[in-house]
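Trainee: just coords:
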């Protein structure tokens, strides 16, 4: 059985001189606090601070990166703990360990190797033979105070962690954390209003009812919906939130007249809105959310062009976020014309564009960020938060937008223990890129060290108004 020992120079270039400089650049930022302005960890995890229940529930079941590739090799989602019937967590863990080689050369393997070695002190690669041994080792650690969520939050050196929250959420867990003098970190809510944008969605009327109850404003009209969203945005700001997050089918943003929006709103409540009206309403809502962002200063994150729940039978049986969301071709320049026409040069508006279509980095996102003061190029995300794609991102973005119009790394994860490994990966790749610029005499060494620090510090702080 091979020993699990992540190499200290992993992800650095093969050339000795460039590798040595990349190592020094990395060492200068390795211990910098983690700023995580876009993620999906539940604030209640830290507010409650209960022990994690078991290794599978912590590391396997919530991570769609893991689920999708295991599923692709024939492991059922039932066997991975996502079915309607409970699964034995030890059996879930055994399935993962038996298929460890599925993750060879993937970022998932990199994250797990770092997490196993650095967080849990594991020095063996998982396998069918040692699955129970590793399970028992991790399970014993999870029963100790040192492995409760808050202790790990501190150990991971997380300074800021943003969550993702429905506008109707009461933010009770965030309030408890903010009021707790024993917790020193910042956990910020992020406003995610996707479910209110498409009136032809089956759950749209029920979502309006929940929002109305939370905001104290009736949502039976379009104007009422907008007022309720504005009220909840203020509540998020009061709770420390600095950003919103929006994931839509496309970036279309042509606003409807008030009268037309009210007509479609009423038709949708009667169940009579057409699919085309639903699309028009959703695109108008994207414009209205941008308008709100220009008013209140919450940073608008936008990630269009993901085909959600591609496999309908899996959706019916296992629900969303089970690995079958897939990339689509993305477009930004033309679809965002109404928003950028009206708010692109606004001092208060800020728009961070993410993509899973990396061809759009050099074609659209970088040129937009290179002209509009409001636009920032979001880091590689989801399918492309990989070492090679991060390097391609830097090469694609820097020509047009430089470094300061980028977002800093975002981990976009529910897998709490992988957060430091993901940020470490980004710091290594950025150090490699900067080292290459220095040895090519495109950047001097002193500036490279300054940029390395800014990429993990003031650039994300500024972009997300932290």
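Mentor: Arrived safely. Please read these numbers as outputs of a predicted model, since none were measured by experiment.
Trainee: grab the nearest non-local neighbour of residue 15.
Mentor: The shortest distance from residue 15 to any non-neighbouring residue, by CB to CB, 6 or more residues apart in numbering, is to residue 439 (7.6 Å). Backbone N, C-alpha and C define where each C-beta goes, glycine included.
Trainee: which element is the closest residue to residue 120 other than its chain neighbours on?
Mentor: Among residues not flanking residue 120 along the chain, residue 138 sits closest, at 5.5 Å (CB to CB, 6+ apart). Residue 138 belongs to helix 131-142 when elements are defined using DSSP states H and E.
Trainee: next, the buried residues of that helix.
Mentor: By 16 or more other CB atoms under 10 Å, the buried positions in helix 131-142 come out as 131, 134-135, 137-139, 141-142.
Trainee: list of residues touching the helix or strand where residue 70 lies?
Mentor: Secondary-structure element containing residue 70, defined by DSSP H and E: helix 64-72. Where contact means CB atoms under 8 Å, 6 or more residues apart in numbering, the residues beyond helix 64-72 that reach it are 59-61, 77, 80, 82, 95-96, 99, 102-103, 106-108, 321-325, 414-415.
Trainee: in that helix, what counts as buried?
Mentor: 64-71.
Trainee: can you list these in a markdown table and add pLDDT and distance to residue 332?
Mentor: Supplementary listing: the buried residues of helix 64-72 in a markdown table, determined by pLDDT from 0 to 100; distance: CB to CB, whole Å:
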| residue | pLDDT | distance to residue 332 |
| --- | --- | --- |
| 64 | 88 | 25 |
| 65 | 90 | 25 |
| 66 | 94 | 30 |
| 67 | 94 | 29 |
| 68 | 94 | 26 |
| 69 | 95 | 29 |
| 70 | 96 | 33 |
| 71 | 96 | 31 |
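Trainee: looking at the residues you listed, which is nearest residue 346?
Mentor: Relative to residue 346, the closest of the buried residues of helix 64-72 is residue 64; by CB to CB it sits at 35.2 Å.
Trainee: what does the helix holding residue 138 contact?
Mentor: For helix 131-142, with CB under 8 Å, 6+ apart as the criterion, the contacting residues are 51-56, 58-59, 90, 93-94, 96-98, 120, 122, 124, 126, 147.
Trainee: please redo it, this time with the cut-off set to 7 Å
Mentor: Contacts with helix 131-142, where a contact means CB atoms under 7 Å, 6 or more residues apart in numbering, come from 51-52, 54-55, 58, 90, 93-94, 97-98, 120, 122, 126, 147.
Trainee: which among those residues count as buried?
Mentor: Of the members of the contacts of helix 131-142, the ones counted as buried by neighbours, 16+ other CB under 10 Å, are 52, 54-55, 58, 90, 93-94, 97-98, 120, 122, 126, 147.
Trainee: which of the residues you listed fall in helices?
Mentor: Judged by DSSP state H, the subset of the buried ones among the contacts of helix 131-142 located in helices is 55, 58, 90, 93-94, 97-98, 120.
Trainee: go through the residues you listed and name the one nearest residue 334.
Mentor: Residue 334 lies nearest to residue 58 out of those, by CB to CB, at 43.5 Å.
Trainee: the closest one and residue 52 touch, don't they?
Mentor: Yes - Residue 58 lies in contact with residue 52 (CB atoms under 7 Å); the separation is 4.4 Å.
Trainee: compute the number of surrounding residues for the residue nearest to residue 15.
Mentor: Taking other CB atoms under 10 Å as the neighbour definition, residue 439 ends up with a count of 16.
Trainee: so it makes contact with residue 20?
Mentor: No - here residue 439 lies out of contact with residue 20, judged by CB under 7 Å, at a distance of 10.0 Å.
Trainee: ok, residue 28 to residue 393 distance?
Mentor: Distance from residue 28 to residue 393, counting by CB to CB, to the nearest Å: 21 Å.
Trainee: of the two, who's got more company?
Mentor: In terms of neighbours (other CB under 10 Å), residue 393 is the more surrounded of residue 28 and residue 393; the figures are 28 against 17.
Trainee: now that one. Nearest residue, chain neighbours left out?
Mentor: Looking at residue 393 with CB to CB, 6+ apart, the closest residue is residue 380, at 4.8 Å.
Trainee: close enough to count as contact, that neighbour and residue 390?
Mentor: Yes - judged on CB under 7 Å, residue 380 makes contact with residue 390 at a distance of 5.2 Å.
Trainee: what's stretch 355-373 in contact with?
Mentor: Judged by CB under 7 Å, 6+ apart, the contacts made with stretch 355-373 from elsewhere in the structure are 303, 305-306, 327, 329-333, 340, 344-345, 353, 375-377, 381-384, 389, 392-393, 396-397, 399-401, 405.
Trainee: gap between it and the chain center?
Mentor: If you compare the mean C-alpha spot of stretch 355-373 with that of the full chain, they lie 18 Å apart, counting by CA atoms, centre = their mean, to the nearest Å.
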